[in-house]
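Visitor: Prediction below, plus the sequence it came from.
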Amino acid sequence: MKRLLLAGLLLAACREEAPLPSPVALTPEAVGHYCQMNLLEHPGPKAQVHLDFGPPLFFSQVRDALAYQRMPEQSAAIRAVYVNDMGAPGASWEEPGPANWIATDGALFVTASDATGGMGAPELVPFSDRAAAKEFAARHGGQVVTLAEVRDESLLAPAPEAGGDQEDYEDMLGRLAPRTE
């Protein structure tokens with residue numbers, strides 16, 4: 001019995017770790033995990049989280065993916081998290097790029113800038129190049145940090161008050177036909 005247990009432990013120790021999944025190009029079919037809205041219709045960098053099963057989960061904002069990763073309720077094993085490299089050639093706020101993904105563990109993030117993401121909340125802006133991140137921070141404010149230095153507070157900061165949202169909602173309600181019984 002001891003030999004069988006020892007053999008099992010040796011085999012487990014020799015087992016090679018499966019390669020990390022590669023990032024998936026952003027397509028018109030990609031929808032946000034939380035909002036279920038088409039990602040291409042929203043500005044700013046996006047994120048994708050690869051679990052140990054199924055297709056990746058896409059996020060409309062980088063901060064949402066990092067918050068998802070840190071949630072205590074998160075029970076599925078996360079294999080990889082990728083974000084748009086906003087310093088990549090051709091990347092813009094309106095079109096961050098379909099295939100310029102970088103792993104979060106090697107990315108630099110600009111936090112506390114004036115940038116708001118696709119869902120209108122403060123955004124963490126990812127870069128692979130420190131000079132590009134510093135340039136963005138010089139233009140938009142904020143600090144350049146690593147993933148380990150990203151504070152939970154920057155993932156949970158509330159979206160700024162949008163003055164028109166309540167007014168637009170009330171206007172739409174006023175245009176609805178009255179119910180007849």
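Guide: Cool, the structure landed.
Visitor: Next up, the contacts around the residue positioned nearest the centre of the chain.
Guide: The structure's the chain has its C-alpha centroid closest to Val62; by Cα atoms, centre = their mean the separation is 2.8 Å. Going by Cβ atoms under 8 Å, 6 or more residues apart in numbering, Val62 touches Gly44, Pro45, Lys46, Ala47, Val83, Asn84, Phe109, Gly117, Glu123, Leu124, Val125, Pro126. All C-beta spots, glycine's among them, are computed from the backbone N, C-alpha and C.
Visitor: Which of these fall in strands?
Guide: Ala47, Val83, Asn84, Phe109, Val125, Pro126 (DSSP state E).
Visitor: ranges for the strands of the protein?
Guide: 47-51, 57-59, 78-84, 101-103, 108-111, 125-127, 143-146.
Visitor: Buried deepest among those, which one?
Guide: Of all the strands of the chain, strand 125-127 has the most neighbours on average by mean count of other Cβ atoms under 10 Å, namely a mean of 28.
Visitor: what lines up beside it in the sheet?
Guide: strand 108-111 (antiparallel) (DSSP bridges).
Visitor: Using CSV, write out every CA atom in the partner strand.
Guide: Provided in CSV are the C-alpha atoms of strand 108-111 (Å, rounded to 0.1, in the frame of the first residue of the first chain):
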residue,chain,number,x,y,z
LEU,A,108,1.2,47.8,-15.8
PHE,A,109,-2.0,49.7,-14.9
VAL,A,110,-2.8,53.4,-14.7
THR,A,111,-5.1,53.8,-11.7
